[in-house]
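> Please work out how this folds:
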Amino acid sequence: MNGKKLLTGILLLVVVASLGVLVYKEFGRGAAAVLPEPSMRAGESPAQGTRVVAYYFHGRVRCVSCVKIENLSGKAVRERFPEELRTGRLAFREVNIDEPGNRHFIDDYDLSSQSLVIVEYRDGRQVRWKNLEKVWTLLDSEKEFFPYVQEGVSSYLKGA
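Take a look at the predicted model:
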């Protein structure tokens, strides 16, 4: 009989802890209307004024197309915006959403697949974002892919 009570107590504790985690996640997500900027990488300037980040989100398992989108996106950004990258006004980051600390991006940006998302931050707080969904349909044409990505980034830098 003591074994049943112990097992029941442990199961009850697990259920209560799980509910606590769910409530915390929901409360935390609802309370933060504006997302803070992720911490800066070494060599980047502090988050003052306005800055734009082009995120390429991917999973642990990556197909040939996924790798190609990341490479083309990075190349499009580096070729068109070298000064903005150098000054820290723009950053290009690849993020593995399968890593536990990055799972929140799935909900933050409503991700359903690998994606290129442009995010504008003002004084370290996110103010707007856009998923450049056409990267998948333009994948086989650099001639169309580059202007699409570059215009997406440029429109955010202009507003910045």
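> ok, the residue nearest to residue 54 when sequence neighbours are not counted - contacts?
Sequence neighbours aside, residue 92 is the residue nearest to residue 54 in space, at 4.8 Å (criterion: C-beta to C-beta, 6 or more residues apart in numbering). No exception for glycine: its C-beta is placed from N, CA and C like everyone else's. Listed by C-beta atoms under 8 Å, 6 or more residues apart in numbering, the contact partners of residue 92 are 53-54, 56, 73-74, 77-78, 85.
> check which helix or strand covers residue 95.
Under the criterion of DSSP states H and E, residue 95 resides in strand 90-96.
> neighbouring strands for that strand, and are they parallel or not?
Under the criterion DSSP bridges, strand 90-96 sits next to strand 50-58 (parallel) in its sheet.
> Can you point out the buried residues in the partner strand?
Neighbour-count burial for strand 50-58 flags 51-58 (criterion: 16 or more other C-beta atoms under 10 Å).
> Now residue 127: which helix or strand?
Take DSSP H and E as the rule and residue 127 turns out to sit in strand 125-131.
> following that strand, which helix or strand shows up next?
Once strand 125-131 ends, the next helix or strand along the chain (criterion: DSSP H and E) is helix 142-159.
> Per the annotation, how does the protein divide into domains?
The chain breaks down by automatic domain parsing into domains covering 1-31, 50-159.
> Return the most buried member of the ones you listed.
Among the domains of the chain, domain 50-159 has the highest mean neighbour count (mean count of other C-beta atoms under 10 Å), at a mean of 16.
> So what touches stretch 56-72?
73-74, 92-98, 105, 109, 111, 114-117, 135-136, 139, 142, 145-146, 149.
> mind redoing it with 7 Å?
For stretch 56-72, contacts defined as C-beta atoms under 7 Å, 6 or more residues apart in numbering pick out 73, 94-98, 105, 111, 114-117, 135, 139, 142, 145.
> Let's see the distance spanning that stretch from one end to the other.
With C-alpha to C-alpha, to the nearest Å applied, stretch 56-72 spans 11 Å between its terminal residues.
> pLDDT averaged over it - what is it?
What stretch 56-72 shows for mean pLDDT is 92.
> before we move on, back to that, quickly, which of the domains of the chain bottoms out on average pLDDT?
Sorting the domains of the chain by mean pLDDT places domain 1-31 lowest, at a mean of 57.
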